[in-house]
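A.B. asks: Output the structure for:
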Amino acid sequence: MAYRKKNSTIYSILILVCIVGFWLFENFYTPATYSNNNNEVGSNNFPKELLPESTTGEIVNHSFFTLSYNEPFEQAEWVAYVLDKSHLTYDDRKRPYFIEDPYVTSKSADWRNYKGSGYDRGHLVPAGDRRFSLQAYNETFYTSNISPQDREFNSGIWNDLEQQTRRWAKQYGTLYIFTGGVLESGLEEIGDEDVDVPNTFYKIIVRKKGDKIYSLSFLIPNKPQFTTLRNFVVSVDDIEQATGIDFFNQLPKEKQKVFEGSKNTVGWKF
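C.D. replies: Sure thing, here's the model as predicted:
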């Protein structure tokens, strides 16, 4: 009888240890970082004169993209990256863990905030644009590069826009891309860290031809859409008004006026 009781106690302790161990792993284990350091530039050759302002001062340079993190909203207010025709490969990559961004001063929000929320961990820099390199692909799984997206929006029109952007890269060679959610007061929040759910997402696509700059911008509500991308074309000025971010602020004002107010889709084949 005493022997059986002793065994029962041991089993109970082992079960408790396993439960505690699993909880610690789930809540505190973070895989190794994907970038070597914050100063490594790699292929992140984004022209400095095209970078937007940061409303927070929290700019992080990864090897293959740059972002401005907005801590109160627990996500990037913008990401900026170069998409070149040579980047478009079909290399098969194993999806890594989502991990916190160690180069964000406060660390980015934990991916567990999204569990059970009903929202996707929506990539801002698409993983599909970064298959050309293991590190480039893995970096897109920093949680600083995700934002809560409606599942049908993410797999629907937002995916359509990402695929269309790749087609433009094949056509024009090199694109400069800005993406983010419109961060404003009163948004729904998810998780223990109160990650805000943007009502709208934007994407600005830029190409250069000599000294000329051509832009095409989109502002799309974060919900299922059943219409064409053309219906969401806006101007850079519209996105600046919605986000409070000054894009292309390092360019001369006269040069900004040439393209920032335009909604012209000529030259951008849909």
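
A.B. asks: name the helices or strands packed onto whichever helix or strand W158 is part of?
C.D. replies: Secondary structure from DSSP states H and E places W158 in helix 157-172. Packing contacts for helix 157-172, counted by 3 or more C-beta pairs under 8 Å, 6 or more residues apart in numbering; DSSP states H and E, involve strand 75-84, strand 174-181, strand 200-209, strand 212-221. Just so you know, the C-beta spots here come from the backbone N, C-alpha and C atoms, and that holds for glycine as well.

A.B. asks: Buried residues of that helix, list them for me.
C.D. replies: Neighbour-count burial for helix 157-172, with 16 or more other C-beta atoms under 10 Å as criterion, is recorded at 157-158, 161-162, 164-166, 168-169, 172.

A.B. asks: Give me the residues contacting it.
C.D. replies: With contacts defined as C-beta atoms under 8 Å, 6 or more residues apart in numbering, helix 157-172 is touched by 83-85, 87-88, 122, 126, 128-129, 149, 175, 177, 201, 203, 205, 207, 218, 220, 224-225, 229, 232, 268-270.

A.B. asks: And those, which of them are buried?
C.D. replies: 83, 87, 122, 126, 128-129, 149, 175, 177, 201, 203, 205, 207, 218, 220, 225, 229, 232, 268.

A.B. asks: Run through the residues that contact the residue nearest the centre of the chain.
C.D. replies: Most central in the chain under C-alpha atoms, centre = their mean is L124, positioned 2.3 Å from the mean C-alpha point. Shown in contact with L124 (C-beta under 8 Å, 6+ apart): 67, 76, 79, 145-147, 179-180.

A.B. asks: Could you rerun that using 7 Å?
C.D. replies: 76, 79, 145-147, 179-180 (C-beta atoms under 7 Å, 6 or more residues apart in numbering).

A.B. asks: For G180, see how far away it is.
C.D. replies: As judged by C-beta to C-beta, to the nearest Å, L124 and G180 stand 6 Å apart.

A.B. asks: anything in contact with each of these two?
C.D. replies: Common neighbours of L124 and G180 are listed as 76, 79 (criterion: C-beta under 7 Å, 6+ apart).

A.B. asks: Can you say which helix or strand has N138 in it?
C.D. replies: helix 134-139.

A.B. asks: Identify all contacting residues around that helix.
C.D. replies: 34-35, 62-65, 93, 96, 127, 130-131.

A.B. asks: hmm, 8 Å instead?
C.D. replies: 34-35, 42-43, 62-65, 93, 96, 125, 127, 130-131, 145.
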